[in-house]
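A.B. asks: predicted model and sequence below, questions to follow.
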Amino acid sequence: MKIKTIVGILVFTLFFGAGFFWMNRDFSMAASQTGVVVVNDVLNVRTGAGTNYAKLQSDGADVKLPNGTKVTIVETLSGWYKVSFVYNSKTLTGYVSAQYVAVETTATATPTPTSTPGGQIVYRYETSYKKISVPAKISKATKVYKSAAGKQLTVSKEAVTLAKKKKVTLVGEKTVNNKKWFKVSFTHKKKKRTGYIQNTYVKMTLAKKASAAITKNKKTVKVRTKADTKAAYKKVNKKTVKLAKKTAVEISKEKTVNGVKWYKLTFTYNGKSYSGYLKASYVNLAKKKVTKKVVVTTLSDAQFEKVMTVEGFPESYKQSLRVLHHAYPYWQFKAYKTGLDWNTVLDNESKPEVNLISNSKSKAWKSTEAWAYNAKTGKWKVFDGDTWVAASRQAIAYYLDPRNFLTDKTVFQFELLEYQSQYQIRDGVNTILSNTPFYNKKFTYKDLSTGKDKSIYYVDAFMAAAKESGVSPYHLASRVKQEVVTSATTTSSAVTGTHATYPGIYNFYNIGATSSSNPVANGLKWASTGSTYLRPWTDRYRSIVGGGMYIGSSYINKGQNTVYLEKFNVTSYQRYTHQYMTNVEAAYSEAIKTKNAYAGTMDKTPLVFAIPVYDNMPAANCPMPK
C-alpha cells in the first residue's frame, strides 16, 4: 500500500537544458555526414567550438536553428560539430554542441535488423505532419477577413483588400454555412499577415501536388472522369470508384467549369494509384502525413567505455553498467551529477518522518533513534497507518545508493520519463496494454470542443495524453496497468464508472488515492471535484488526458523526472521535501512494477536512464541491512 502519497503516480521533467537525443553518435566521424538538430526550442550557433566564442550572426541577428533543422557535419571536435546549413536562403557555416545534433545513419532498403561494427541497427518509423502550404493567387479582387465569415481585417484602420493576381499561400481551410474559406498568408505593407477569403476568389498555382482529404460532410463520393457533372463516373474493374470521407488524396489541378470549382485528384484505390475529378466542395486541404525511417545504432564496447568516462560515472558504477549494456545494447545511461555530498544527503533523508518502513521488518531495518524507538518497551513509534515506522540509517543508505539497483529490474527507477515522440510510438503503447481490458479496445466520450459523442481507442487516448502533458505515453500506460488493472479482463472500480458513492467518475491513475481503508473512494472523490486538469473526470478521456496533465504539472517543472528523484528529491526544488512517498522502498518497488508492466517490450527500445552520482560516496555499495 502506498504511504502518504503526494501523487499516486510517477512523473518526470526535462533537466538537460535543450534536451538530448537517444540516437547514439559515432566518436570518429567521416566528413559530410548529415545530422538533425534536436532541441526543445532553438539551438545557438557559435563562431568557434565552445560557448566562449561569439554567436554566429546573419543579417545582423543571431542565427538560431529550430528543432528538426538538417545540417551537414563538416568536422568533429571535442563535444562540438562544425556544420554547414541553409539559413534564410543562405548557406552558412558555424559550430554547434554535438549533444544537440542527432547523426543520421544511412539505412538499407529493407527495414530488418543487421549487424554493424558498433552493434546492431533497429529501424523505427516516425510519423509527422507538415503544415498546409499551397501557393495560389487571387483570381478576383477581394476583401480579407479576420476569421471565416467574420469581421474584415484592418491595418491602421484601413480594410485590407487583395488585388487580382496577388500571390498568397493557403495555410488552412474552414467551411461556414456551406461556404468554403481559405486561410491565407500574404504580404501587406511589407509585413507578413494572415486572414480569410472565400475560395471562389483564389486559384491554386500548383507546382506540385497538394495534400487533401475527402470532406467529412459526405459518407462517400463518386469520382468523375472529367470536370463536369455530366461526365462519366470513374470505374475500376467495372465498379464505380467511391471514396470514403477522410480518404487521403492529392490535388494535382484546379479547374472551374460553369462557375463550379473542380479538383483533379490522385488517390490510392484497391492498392493502386488512380486519378479523377471531384467538386472542390467535397475536398479539404489537409496536413501532409510524413513517415520517415529512423535508425538507432548501438555502441561498441570501446565506445561505451568512452561514454561512461565522458558522463563521469565513478568506477564503482561501471561494471554493473557494462553488464546492462551487453544485455540491453539499445539502452543509454546518463550520469545525473547532483553535486551533493553523500553524507549530507543521507543526514537529511534520515530526519524524522522522511523515510518510513514496515514494522514487520527486522530490527536492522528500523531506526533506534530516541525519537523513533522506545528502548524501555522495545516498541517503535508508528508515523503512518498502523505499521509504518522510521527506517534505519543503514536501510536508507541502501535504498539511496544508486549502485545497488543497476539491474535490469530495478534500473527502471532511473528511467527518464519525458515524452520522446521519436521512439515512443503507438504500437509500443499498445504492446504495454496487451493482456489488459484496454488492449485494442475503444470507448466513447464527449468531445471537449464540440460536446458531441466521439469514440477513440485507449492507445490513442494515451498518445493524446502524452502530447498534452509531455509525459511518456509508455509511462502513463504502464502506470495505469499497475494502478487499476486486476486481470486481463477486469479492473478496479476506479475506472468502471459504477462506484456506488461516485458513479460516472473515473480515475485511471488513482491520483489522490491516499492510504486508508478505502483509497479508491478517496481517489474518486478527488477526481469528482475541482475545475483544473479537465476535472471533474466524468469520462475516460478526461481522466486519461487530464491525469497526464496533472502528472506533468505536479512534477515535470520541478526537476523530479525519474522515480528515484521523486522518492529522494535531490534536485534544487524543495530539496529533501516534495517526495511523493515516505516508504523508503518506494522507488525500488515501483521500478519492479514498471519492469513487469513493460513485460520485455522495452528491451530493444533506446530508453534513457539518468543515474544520480554523489560526491564523496563510499568506495563500495552500501550494504543491505541484515
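C.D. replies: It's in.
A.B. asks: contacts for stretch 317-328?
C.D. replies: Contacting residues not belonging to stretch 317-328 are listed as 299, 301, 304, 308, 313, 331, 333, 402-403, 406-408, 411, 603, 611, 613 [C-beta atoms under 8 Å, 6 or more residues apart in numbering]. Bear in mind the C-beta positions are built from the backbone N, C-alpha and C, glycine included.
A.B. asks: taking those residues together, which two end up most distant?
C.D. replies: Spatial extent of the contacts of stretch 317-328 (C-beta to C-beta) is set by the pair Asp603 and Val613 at 25.4 Å.
A.B. asks: so which of the contacts of stretch 317-328 sit within strands?
C.D. replies: Per DSSP state E, strands hold the following members of the contacts of stretch 317-328: Phe333, Ile611, Val613.
A.B. asks: just curious, which of the residues you listed is nearest to Thr491?
C.D. replies: Out of these, the member with the shortest distance to Thr491 (by C-beta to C-beta) is Ile611, at 33.8 Å.
A.B. asks: distance of the closest one relative to Phe333?
C.D. replies: Here the distance between Ile611 and Phe333 works out to 6 Å (C-beta to C-beta, to the nearest Å).
A.B. asks: Leu278 too?
C.D. replies: Distance, Leu278 to Phe333, by C-beta to C-beta: 54 Å.
A.B. asks: which one's more surrounded, Asp603 and Val613?
C.D. replies: Set Asp603 next to Val613 and count neighbours by other C-beta atoms under 10 Å: Val613 wins out with 20 against 14.
A.B. asks: please give me every residue in contact with the more buried one.
C.D. replies: Each residue near Val613 by C-beta under 8 Å, 6+ apart is listed here: Gly312, Phe313, Pro314, Tyr317, Ala335, Tyr336, Lys337, Thr338, Pro402.
A.B. asks: what are the bridge partners for it, then?
C.D. replies: On the basis of DSSP bridges, Val613 is bridged to Lys337.
A.B. asks: of Leu278 and Phe333, which one has the most company?
C.D. replies: Shown here are Leu278 and Phe333; by other C-beta under 10 Å, Leu278 has more neighbours (25 against 22).
A.B. asks: my guess is that one is in a helix, correct?
C.D. replies: No. Under DSSP: H, G, I helix; E, B strand; the rest coil, Leu278 falls outside any helix and is assigned strand.
A.B. asks: just the contacts of stretch 317-328 now: which is nearest Val520?
C.D. replies: Val411 (30.6 Å).
A.B. asks: ok, the closest one touching Thr594?
C.D. replies: No. In this structure, Val411 is not within contact of Thr594 by C-beta atoms under 8 Å, at 9.8 Å.
A.B. asks: any weak-confidence spans in the stretch 51-200 of the chain?
C.D. replies: Scanning the stretch 51-200 of the chain for pLDDT under 70 picks out the ranges 67-68, 103-128.
A.B. asks: and the strands in the stretch 451-600 of the chain, which stretches?
C.D. replies: 453-457 (DSSP state E, counting those that start in this stretch).
A.B. asks: contact partners for the spatially most central residue of the chain?
C.D. replies: Computing the C-alpha centroid of the chain and ranking residues by C-alpha atoms, centre = their mean puts Tyr419 first, at 2.5 Å. Tyr419 makes contacts with Ala466, Lys467, Ser469, Gly470, Val471, Ser472, Pro473, as judged by C-beta under 8 Å, 6+ apart.
A.B. asks: by neighbour count, which of these wins?
C.D. replies: Neighbour counts for the contacts of Tyr419 peak at Val471, which has 31 neighbours (criterion: other C-beta under 10 Å).
A.B. asks: which strand or helix spans Thr93?
C.D. replies: strand 90-97 (DSSP states H and E).
A.B. asks: quick one on the thing from earlier: any idea which of the contacts of stretch 317-328 is least confident?
C.D. replies: By pLDDT, Asp603 ranks lowest within those, coming in at 81.
A.B. asks: tell me, how many residues neighbour the closest residue to that residue other than its chain neighbours?
C.D. replies: Leaving aside its sequence neighbours, Asp603 sits nearest to Tyr328 (C-beta to C-beta, 6 or more residues apart in numbering; 5.9 Å). For Tyr328, the count of nearby residues is 18 (other C-beta under 10 Å).
A.B. asks: now the residue nearest to the centre of the chain: how far from Leu356?
C.D. replies: The value you get for Tyr419 to Leu356, if C-beta to C-beta is used, is 32 Å.
A.B. asks: returning to that earlier point: ok, of the contacts of Val613, which come out buried?
C.D. replies: Taking 16 or more other C-beta atoms under 10 Å as the criterion, what is buried in the contacts of Val613 is Phe313, Tyr317, Ala335, Tyr336, Thr338, Pro402.
A.B. asks: specify which member of these is nearest to Asn569.
C.D. replies: Of all the buried ones among the contacts of Val613, Thr338 has the smallest distance to Asn569: 10.7 Å, by C-beta to C-beta.
A.B. asks: that closest one contacts Ser572, doesn't it?
C.D. replies: No. If you go by C-beta under 8 Å, Thr338 and Ser572 don't touch, sitting 9.7 Å apart.
A.B. asks: in terms of pLDDT, where does Arg233 sit?
C.D. replies: You called it Arg, but residue 233 is Tyr. As summarised for this prediction, Tyr233 has a pLDDT of 96.
A.B. asks: and for Tyr263?
C.D. replies: Per-residue pLDDT puts Tyr263 at 95.
A.B. asks: what does Ser516 give?
C.D. replies: On pLDDT, Ser516 comes in at 62.
A.B. asks: ditto for the one 5 residues further on
C.D. replies: We note a pLDDT of 91 for Ala521 in this prediction.
A.B. asks: and for Lys454?
C.D. replies: On pLDDT, Lys454 comes in at 92.
A.B. asks: tell me the buried residues in stretch 389-399?
C.D. replies: Of all the residues in stretch 389-399, those buried under the rule 16+ other C-beta under 10 Å are Val389, Ala390, Ala391, Ser392, Arg393, Gln394, Ala395, Ile396, Ala397, Tyr398, Tyr399.
A.B. asks: and stretch 308-323, by the same measure?
C.D. replies: Residues of stretch 308-323 classed as buried: Met308, Glu311, Phe313, Tyr317, Lys318, Ser320, Leu321 (neighbour count, 16+ other C-beta under 10 Å).
A.B. asks: the third one against Tyr336, yeah?
C.D. replies: If I follow you right, that is Phe313. No. The pair Phe313 and Tyr336 does not pass the contact test of C-beta under 8 Å, sitting 10.6 Å apart.
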